[in-house]
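[1] Build me a model from this:
(4 chains)
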There are 2 protein chains.
Amino acid sequence: MSAPIKVFIIDDHPMVIEGIRGLLNGEPGIQVTGSATDAFAAMEFLKAQTADVVLLDINLPEVSGLDLCPELKANFPDMKILGLSTFKERSFISRMISQGASGYVLKSVSQEELVEAVRQAYRGKMYLSMEVAQIMVQPEPASAPVPMLTSREKEILALIAEGLTNNQIAERLFISPLTVDSHRKNLLAKLEVKNTAAMIRIALEHGLI
Amino acid sequence: MSAPIKVFIIDDHPMVIEGIRGLLNGEPGIQVTGSATDAFAAMEFLKAQTADVVLLDINLPEVSGLDLCPELKANFPDMKILGLSTFKERSFISRMISQGASGYVLKSVSQEELVEAVRQAYRGKMYLSMEVAQIMVQPEPASAPVPMLTSREKEILALIAEGLTNNQIAERLFISPLTVDSHRKNLLAKLEVKNTAAMIRIALEHGLI
DNA sequence: TTCCATATCCCCGAAAAAGGGTATTTTGTG
DNA sequence: CACAAAATACCCTTTTTCGGGGATATGGAA
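    Prediction:
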């Protein structure tokens, strides 16, 4: 057998680092060579001692894993990166992949899957844990067509949600009440609703406020 | 020194179990005697071999940690329970404590704090990790006084949020539009708002819909 | 049984929103 | 610059909501 796969762990939770160490420990051909709890420390370590596979948490403080991923790729092109997170949000996963990650595993991953992910990543293949793969296979559930609102519309939407009337909003923004009403009508049209009540509900559901 | 503190871990993520094992491993006077990934397995194990301190994840599948806590307390009154979770929601923490837990640690806890928590719990004291304590000290931010709505009011509120007018709601519920309007006015009064927009926002914020 | 909360129904008038247009001025980006 | 998108402003009519009352049944808790 050749030299063991050198694995580096980046996660702000000591518990997770220990957990991964435990799960990979004793696995033949895999060696955890180090860990870091933030982006800066990780870069420092890797400059001194490179790794084959990096397990990178998405939710790091300060510099997020999503931002760190391309940086790592730029500095260490041959290094494989595995995304790591508690959350199985589609957007996270696909963003991570598009940043050059070789896979994505959830923190709920089993020992076998984690080992497999590391091995596959090292071989240059993509690995998604079962749960992750299932999510990605689903054809983007009818895709919530997030309505495209202009900044002014969002502004007025927020004020409507606060309970202000067209006149009050007009005063607040130093514009004509008629203008506010125009925006309001555009909002109703864009959100495909017939009154304020539904407008606010849809807006909140889509995180537009 | 007396017998070591026997620690049992309940968490559905193997990674977390390994992590805790790693953090407590080699700590004098503490011994991890077992672990389980679900409530049933935990009960089985503990019946055969009791523990001094249990680390119990809040977010278990099927039977949640919050529900399991009082059960454990009922079956093993002397056993100390430490809540464990990723989330630092006030409600979770206080509910766990009121269920008889001896403390609450986040999964972001440091090795030192985890050890301290286990030791304190074993001595019958309450231990909250730094971050948790900080949250609990804050005087419940003005506490959102959740408005008391009747079932009929909630029903009508939901229909309003769907975008129905008083007339449409009246038809749907086989009552007079005037009655719907009465309920609507009561809703405005109870939620202390002046129009539908604010009503829907407040309702959604409070999870009333 | 008495009382209170809930649910029901009604009136009026004023205010706001909705439906359906049109039109001018910024402003941002190719 | 040119062009499109965004923001601004206006008209008229109808519908809906809001603010302010008041009134009657009904069912459960004290």
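[2] got the contact list for the residue most central in space within chain A?
    With distances taken as Cα atoms, centre = their mean, A:Phe92 lies nearest the centre of chain A, 2.8 Å away. With contact taken as Cβ atoms under 8 Å, 6 or more residues apart in numbering or on different chains, A:Phe92 is in contact with A:58, A:66, A:83, A:85. In short, each C-beta sits where N, CA and C put it, glycine included.
[3] Would you mind giving the secondary structure of it?
    helix (DSSP: H, G, I helix; E, B strand; the rest coil).
[4] do the same with A:Glu171
    A:Glu171 is classified as helix under three-state DSSP.
[5] From A:Ile10, how far out is it?
    In this structure, A:Glu171 and A:Ile10 are 51 Å apart, going by Cβ to Cβ, to the nearest Å.
[6] picking that back up, and the furthest pair within the contacts of A:Phe92?
    With Cβ to Cβ as the measure, no two of those lie farther apart than A:Leu66 and A:Ser85, at 9.8 Å.
[7] Find residues that contact each of these two.
    With Cβ under 8 Å, 6+ apart as the test, A:Leu66 and A:Ser85 both reach A:58, A:92.
[8] returning to what we had before: ok, A:Glu171 and A:Ile10, which is more surrounded?
    A:Ile10 (27 against 13; other Cβ atoms under 10 Å in any protein chain shown).
[9] Next up, the contacts around that one.
    Counting by Cβ under 8 Å, 6+ apart, the residues that A:Ile10 touches are A:35-39, A:42, A:54-57, A:60, A:65, A:68.
[10] Tell me which of those fall in strands.
    If you go by DSSP state E, the contacts of A:Ile10 have A:35-36, A:54-57 in strands.
[11] So for A:Lys6, what's the pLDDT?
    Here the pLDDT value assigned to A:Lys6 is 95.
[12] and the longest helix seen in chain A, what other elements does it pack with?
    Counting residues, the longest helix in chain A under DSSP state H turns out to be helix A:177-190. Contacts defined by 3 or more Cβ pairs under 8 Å, 6 or more residues apart in numbering or on different chains; DSSP states H and E place helix A:177-190 against helix A:151-161, helix A:166-173.
[13] Buried deepest among those helices, which one?
    Stretch with highest mean neighbour count among the helices and strands packed on helix A:177-190: helix A:151-161 (a mean of 18; mean count of other Cβ atoms under 10 Å in any protein chain shown).
[14] what is the mean pLDDT for that one?
    93.
[15] who does that helix touch, helix- and strand-wise?
    Using 3+ Cβ pairs under 8 Å, 6+ apart: helix A:151-161 touches helix A:166-173, helix A:177-190, helix A:196-205, helix B:196-205.
[16] nearest to A:Phe76, of those helices?
    Comparing the helices and strands packed on helix A:151-161 against A:Phe76 with Cβ to Cβ, the closest turns out to be helix A:196-205 (41.1 Å).
[17] if we can go back for a sec, if we only consider the contacts of A:Ile10, which is nearest to DNA strand C?
    A:Leu68 (27.9 Å; Cβ to the nearest atom of the strand).
[18] Need the per-residue pLDDT for the closest one.
    86.
[19] May I have the beta-bridge partners of the closest residue to A:Arg119 other than its chain neighbours?
    Leaving aside its chain neighbours, A:Arg119 sits nearest to A:Ile5 (7.2 Å; criterion: Cβ to Cβ, 6 or more residues apart in numbering or on different chains). Beta-bridge pairing for A:Ile5 (DSSP bridges): A:Ile30.
[20] returning to what we had before: A:Ala48: which of the ones in strands among the contacts of A:Ile10 is nearest?
    A:Ala36 (11.8 Å).
[21] my guess is the closest one contacts A:Lys47, does it?
    No: contact status for A:Ala36 versus A:Lys47: not in contact, 11.8 Å apart, counting by Cβ atoms under 8 Å.
[22] So for these two, which sits in the more crowded spot?
    Higher neighbour count among A:Ala36 and A:Lys47: A:Ala36, with 20 against 10, using other Cβ under 10 Å.
[23] Excluding residues flanking it in the chain, which one is nearest that one?
    Among residues not flanking A:Ala36 along the chain, A:Ala42 sits closest, at 3.9 Å (Cβ to Cβ, 6+ apart).
[24] now the one you found: how far from DNA strand D?
    40 Å (Cβ to the nearest atom of the strand, to the nearest Å).
[25] OK, contacts around that residue?
    A:8, A:10, A:36, A:54, A:68, A:72.
[26] next one: A:Ile30
    A:4-5, A:7, A:24, A:115, A:118-119 are the contacts of A:Ile30 under Cβ under 8 Å, 6+ apart.
[27] okay, it: pLDDT?
    For A:Ile30, the predicted pLDDT is 95.
[28] now swap in A:Pro141 and tell me
    At A:Pro141, pLDDT is 58.
[29] cool, and the one 4 residues further on?
    In this prediction, A:Pro145 carries a pLDDT score of 66.
[30] likewise A:Leu128?
    A:Leu128 is given a pLDDT of 86.
[31] ok, what's across the strand from it?
    Counting by DSSP bridges, A:Leu128 is bridged to A:Tyr104.
[32] OK, contacts around it?
    A:93, A:103-105, A:136.
[33] Now A:Ala51: phi and psi?
    phi -130, psi 170 (degrees, to the nearest 10).
[34] I misspoke; the intended subject was A:Asn59.
    Dihedral pair for A:Asn59: phi -100, psi 70, per degrees, to the nearest 10.
[35] I'd like to know how many residues surround it.
    Neighbours of A:Asn59 using other Cβ under 10 Å come to 16.
[36] With A:Arg90 instead?
    Neighbours around A:Arg90, by other Cβ under 10 Å: 14.
[37] That one: what's its closest spatial neighbour, skipping adjacent residues?
    A:Ile135 (6.1 Å).
[38] Write out the residues of chain A neighbouring DNA strand D.
    Taking Cβ under 7 Å from any atom of the strand as the criterion, chain A approaches DNA strand D at residues A:148, A:150-153, A:170, A:173, A:175-176, A:178-179, A:181-183, A:195, A:197.
[39] Out of those residues, which are close to DNA strand C?
    Within the residues of chain A next to DNA strand D, those near DNA strand C by Cβ under 7 Å from any atom of the strand are A:181-182, A:195.
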